[in-house]
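Asks: predicted model, plus sequence, below.
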Amino acid sequence: MEAYRKAASRLSPKLSPSALAQLGNSMEQALTDAPSSVYSIPESVRHDSFVLPNKDGTTSHPFEEAGSEVKNNPGAAIRSIGNSRRVFLLNSSLSPVELDGLSYRIRALASNDAINSILIANPLEDAESNCDMSENTTCLSSFMEEGESPSRGAGGPWGKHLSNSMKTLLHENYGEGLAVPIVSSGYDARGIYESGMHKHLDQLERELMVPLISLSKAVRGSYDETINSSPSKVPLISIPNGLTSDSGYALLLGSYVLATHSTSLKILNPLRGLAFDPVGLSYLLPRLGWEFGQTSREYSKACGVLLALTGYEANAEDMVATGLATHYIGSPYKLNILERGLSELNSYAGQALRPKPKTLH
């Protein structure tokens with residue numbers, strides 16, 4: 001409670017957004033006993049200060065002030081969309097600390113009956129602006145960003161002056177030739193190697209493997225008795241608009257995986273082995289097509305070997321045919337429709353079957 005009293009003593013309506021964010025972190029740690037890694041994944045209702053990367057390597061800060069310290073870019077951020085929560089995948093890889101923090105965030109949200117769903121997707125600006133997130137520094141959801149963010153330049157292959165419905169039409173007919181963004185590769189293998197963590201097996205297991213396993217369980221909605229987690233109550237929906245590789249598939253283990261025409265999956269480094277990406281691929285690949293009773297189940301082992309050993313890139317049609325994705329939606333701009341629909345749904349606690357109307361005889 002000492003941290004809570006310290007945070008409460010700093011309350012002031014004149015605090016800057018960055019100070020308010022730090023204050024919220026202190027209060028959350030005091031009240032929920034959350035691990036320190038959880039603060040690597042910022043969560044906010046609206047316009048809190050996020051530090052986001054620009055295309056030229058510099059950083060954008062929506063509330064940056066003179067003399068203020070700008071922290072490292074977060075690999076992911078969470079915004080509320082009505083009774084739903086949107087997870088923005090801002091970087092193609094997450095640090096071990098961010099993996100652990102995102103795992104905690106998702107597990108806490110999934111057990112919250114005050115929301116109706118969790119939506120994981122990389123920002124549409126990745127495809128629009130060649131990974132230039134300066135077009136959406138506040139990480140607003142897509143249908144909100146269209147009406148609230150100012151237009152700055154062309155911003156994408158179709159231009160900022162077009163509505164999302166028009167972009168959807170253009171993307172479905174002409175979008176296959178556009179560059180494909182990278183959704184997630186899980187962790188940065190080169191960064192792990194350069195840090196020398198691979199030489200210390202105990203540290204590697206504790207700081208990388210355990211968070212990866214925890215994240216895959218959290219996305220899958222598994223109940224984990226070791227950390228006394230609450231059962232998952234809300235569905236987790238993933239829209240991977242681009243390439244997902246290796247342990248990044250941990251983010252596609254939820255209730256629904258909606259593939260766009262740019263969605264693909266690839267094992268980039270088969271020599272590393274599936275055991276080094278402990279997210280369940282060694283179990284899933286030999287059982288492709290089993291869950292939904294698809295025709296591909298007759299060739300599941302062959303498909304699994306093809307993906308695991310040859311580096312074959314499975315496209316959206318392959319993923320749907322083998323059960324790696326549950327639905328095909330075509331244009332990624334249908335994310336706007338989904339976000340708007342989820343924002344208008346009741347929370348888990350507020351959903352119930354309506355009783356039949358009484359009739360008088």
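Replies: Okay, I see it.
Asks: host element of S232?
Replies: Using DSSP states H and E, S232 sits within no helix or strand.
Asks: isn't it right up against D113?
Replies: No - contact criterion C-beta atoms under 8 Å: S232 and D113 do not qualify, at 10.7 Å. All C-beta spots, glycine's among them, are computed from the backbone N, C-alpha and C.
Asks: these two: which is more packed in?
Replies: Neighbour count, other C-beta atoms under 10 Å: between S232 and D113, S232 has more, with 23 against 13.
Asks: so where do the helices sit in the stretch 251-361 of the chain?
Replies: Under the criterion DSSP state H, counting those that start in this stretch, the stretch 251-361 of the chain contains helices at 281-284, 300-310, 316-322, 335-344.
Asks: any chance you could list what contacts the shortest one?
Replies: The set of residues that contact helix 281-284 without belonging to it, under C-beta atoms under 8 Å, 6 or more residues apart in numbering, is Y249, I267, L274, A275, G304, A308, L324.
Asks: number of nearby residues for A302?
Replies: By other C-beta under 10 Å, the residues close to A302 number 12.
Asks: mind listing what's buried in stretch 295-306?
Replies: S296, R297, S300, C303, G304, L306 (16 or more other C-beta atoms under 10 Å).
Asks: same check on stretch 101-119?
Replies: In terms of neighbour count (16+ other C-beta under 10 Å), stretch 101-119 has its buried residues at 101-112, 115-119.
Asks: from the residues you listed, which land in helices?
Replies: G101, L102, S103, Y104, R105, I106, R107, A108, L109, A110 (DSSP state H).
Asks: if we can go back for a sec, looking at the buried residues of stretch 295-306, spot the one nearest I78.
Replies: Nearest to I78 among those is G304, at 33.0 Å by C-beta to C-beta.
Asks: gap between the closest one and A259?
Replies: Noted for G304: a distance of 19 Å to A259, by C-beta to C-beta, to the nearest Å.
Asks: ok, now which ones touch the residue lying closest to Y348 once chain neighbours are set aside?
Replies: Using C-beta to C-beta, 6 or more residues apart in numbering and skipping residues adjacent in sequence, the residue nearest Y348 is D113, 4.2 Å away. D113 is in contact with K233, V234, S347, Y348, A349, counting by C-beta under 8 Å, 6+ apart.
Asks: go again using 6 Å as the cut-off
Replies: The contact partners of D113, by C-beta atoms under 6 Å, 6 or more residues apart in numbering, come to K233, Y348, A349.
Asks: and the gap between the last one and P240?
Replies: Meaning A349. 29 Å.
Asks: one more: the first one?
Replies: To P240, K233 is 23 Å away according to C-beta to C-beta.
Asks: for the stretch 151-300 of the chain, what are the low-confidence residue spans?
Replies: Along the stretch 151-300 of the chain, the model assigns pLDDT under 70 to residues 151-179, 223-230, 271-273, 275-276.
Asks: hmm, 80 instead?
Replies: Applying pLDDT under 80 to the stretch 151-300 of the chain flags residues 151-180, 189, 193-201, 222-232, 269-278.
Asks: nearest to N336 among the contacts of helix 281-284?
Replies: Looking across the contacts of helix 281-284 and measuring by C-beta to C-beta, the closest to N336 is L324, at 24.3 Å.
Asks: what sits closest to that closest one if chain neighbours are left out?
Replies: L265 (6.0 Å).
Asks: dig out what that neighbour forms beta bridges with.
Replies: Using DSSP bridges, the bridge partners assigned to L265 are T244, A314.
Asks: please apply the same query to R79.
Replies: When bridges are called by DSSP bridges, R79 pairs up with S44, R86.
Asks: I'd say it and L90 touch.
Replies: No - applying C-beta atoms under 6 Å, one finds R79 not in contact with L90, separated by 11.7 Å.
Asks: quick one on the thing from earlier: what is the most widely separated pair among the buried residues of stretch 295-306?
Replies: R297 and L306 (14.8 Å).
Asks: now P42: how far from P96?
Replies: Using C-beta to C-beta, one gets 17 Å for the distance from P42 to P96.
Asks: just L215 next, same as before
Replies: 11 Å.
Asks: so if I had to pick from the two, which one is more boxed in?
Replies: Ranked by neighbour count (other C-beta under 10 Å), L215 and P96 place L215 first, with 27 against 24.
Asks: excluding chain neighbours, what is closest to the more buried one?
Replies: The shortest distance from L215 to any non-neighbouring residue, by C-beta to C-beta, 6+ apart, is to S103 (4.1 Å).
Asks: so the one you found touches S214, yeah?
Replies: Yes - here S103 reaches S214: they are 4.2 Å apart, a contact under C-beta under 6 Å.
Asks: by mean pLDDT, show me the worst of the helices of the stretch 251-361 of the chain.
Replies: Per-segment mean pLDDT for the helices of the stretch 251-361 of the chain reaches its minimum on helix 281-284, at a mean of 84.
Asks: list the buried residues for that one?
Replies: By 16+ other C-beta under 10 Å, the buried positions in helix 281-284 come out as L281, L284.
Asks: just the CA atoms of that helix, as CSV, please.
Replies: Only the C-alpha atoms of helix 281-284 are listed here, as CSV (Å, rounded to 0.1, in the frame of the first residue of the first chain):
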residue,chain,number,x,y,z
LEU,A,281,3.6,-25.9,-33.2
SER,A,282,5.1,-29.3,-32.7
TYR,A,283,1.6,-30.5,-31.5
LEU,A,284,-0.5,-28.5,-34.1
